[in-house]
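Asks: From the sequence below, what's the structure:
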Amino acid sequence: MTPPALPTGDIDLIRSELARAKPHITTMNFIVWIDRESNRDWVLQRAIKISEKHPSRTIILDASPGRFGAHVRPLDPNDPSQQSAFIDIGVAGISPQEACSLATSLAVPDVLTVLCWGAETLDENTAFRCFFAGGEMPVAVVDSSLGVRDAATILELAKFYQEHPGVSLRDLAWMRLHLWQDIIAHFFDDPALREELFSIRKLRIVAGSDAEALYLGGWLASRLGWSAAARNEFADRNGHRIEFEYERGGQARRVYNVALTTATSVYQGSVDEDDASIVRVWVEGANAREERLVPVKAIDTASLVERAALEEPGTDEIFERALRMVPTLVAE
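Replies: Residues are numbered from 1 along each chain as shown. You can find the predicted model right below:
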């Protein structure tokens, strides 16, 4: 039987409940923000997976309508070896600033703090920015394509990073792209084709969400020394313009097609229409290459979050460059 909820804002009562648990080592504070009932169970399952592997103080801040009160419990009361503490707090009835203050007051001092932001927006009216107003800043794990298909969230993230360049920032939308980065790199692994890299004139991407398309375009640009020149346009080191076309299609958070057009050839990768676990890769034109098949590995979101949370401090330089290009690429 679940005990009655504690008052949301009563920090002393919550701390008393925490004190009743056996002492244990805590390697990080894992603060998870939720704002929709529809994805609560999905988010909690993944948070628990991470907390089971890494002793932590897990603080769930649930801003879903109607969520009030706090529950403190061990992660698994039936497992005496489990060291993580789990605090589930409904914060629908308090301000974003109060919710942020509550979480930071309950965090264990002098250990890593990871903020896993599970909401579609992170502008000034949310609690997101409140977590970075103090001295020590948490690692921020976001997902720019969690609930939106357009560029709204990634634009907010780019603006936030301009204002807080010292934040350790991770975006799951970026971390999903390793397969497609490898596919593009392998197009030009033949030394005889290296010059093709400098004759690209068009990049076209089809993805279920704009964030993945923008990140993939920005990644290629950063590797080749391009800059974001205007809306849907890059410029190479010699000032030559590269058209950037991205189209929304298919399921959210997935890339479906990439085509690079050079002066001589078109290099393409496309998810198979009948089997989404395969990407077909081929080249047309002067450097034509027979089709090959690349398997698509299932992406485990919990593993992505775990990797994001525990990476080295700081922000990936290539990711940072790609993110900074976004405002120019989507400018009206």
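Asks: F234 falls within a strand, correct?
Replies: Yes. Counting by DSSP: H, G, I helix; E, B strand; the rest coil, F234 is part of a strand.
Asks: so it touches A221, yeah?
Replies: Yes. Using C-beta atoms under 8 Å, F234 is in contact with A221, at 5.2 Å. C-beta: built from backbone N, CA, C; applies to glycine.
Asks: Common neighbours of these two, please.
Replies: Residues touching both F234 and A221 by C-beta atoms under 8 Å, 6 or more residues apart in numbering: 227-228.
Asks: quick one: R254 and E212 touch, right?
Replies: Yes. Counting by C-beta under 8 Å, R254 touches E212, with 7.2 Å between them.
Asks: Now the common contact residues for these two.
Replies: With C-beta under 8 Å, 6+ apart as the test, R254 and E212 both reach R176.
Asks: neighbour-wise, which of those two wins?
Replies: Using other C-beta atoms under 10 Å, the more surrounded residue of R254 and E212 is E212, with 25 against 19.
Asks: what's the following helix or strand after the helix or strand hosting that one?
Replies: Following DSSP states H and E, one finds E212 within helix 210-224. If you walk from helix 210-224 toward the C-terminus, the next helix or strand you reach (DSSP H and E) is strand 227-230.
Asks: that's a strand at S101, yeah?
Replies: No. Remark: S101 does not belong to a strand; assigned using three-state DSSP, it is helix.
Asks: Use 35 as the first number for this chain going forward.
Replies: Yes, from this point I'll number from 35; that puts the last item at S135.
Asks: I'd like to know how far it sits from A226.
Replies: Using C-beta to C-beta, to the nearest Å, S135 is found at 60 Å from A226.
Asks: Which pLDDT value belongs to the residue of the chain most remote from its centre?
Replies: Most distant from the centre of the chain: A320, at 38.2 Å, with distances by C-alpha atoms, centre = their mean. Per-residue pLDDT puts A320 at 93.
Asks: What are the contacting residues of stretch 75-90?
Replies: Here stretch 75-90 has contacts from 58-64, 66, 68, 92, 94, 109-110, 116-120, 150, 152, 335-336, 339-340, 343-344, using C-beta under 8 Å, 6+ apart.
Asks: Remind me which helix or strand W316 belongs to.
Replies: Assigned by DSSP H and E, W316 belongs to strand 312-319.
Asks: strands paired with that strand, and their directions?
Replies: Its sheet considered, strand 312-319 pairs with strand 299-305 (antiparallel), strand 323-329 (antiparallel) by DSSP bridges.
Asks: quick one: buried residues of the helix or strand containing L338?
Replies: Take DSSP H and E as the rule and L338 turns out to sit in helix 335-344. Neighbour-count burial for helix 335-344, counted by 16 or more other C-beta atoms under 10 Å, picks out 335, 338-340, 342-343.
Asks: Can you lay out those as TSV showing pLDDT?
Replies: As requested, the buried residues of helix 335-344 are exported to TSV (pLDDT from 0 to 100):
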residue	pLDDT
T335	80
L338	84
V339	84
E340	83
A342	84
A343	79
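Asks: from these, which two are the most distant?
Replies: T335 and A343 (12.3 Å; C-beta to C-beta).
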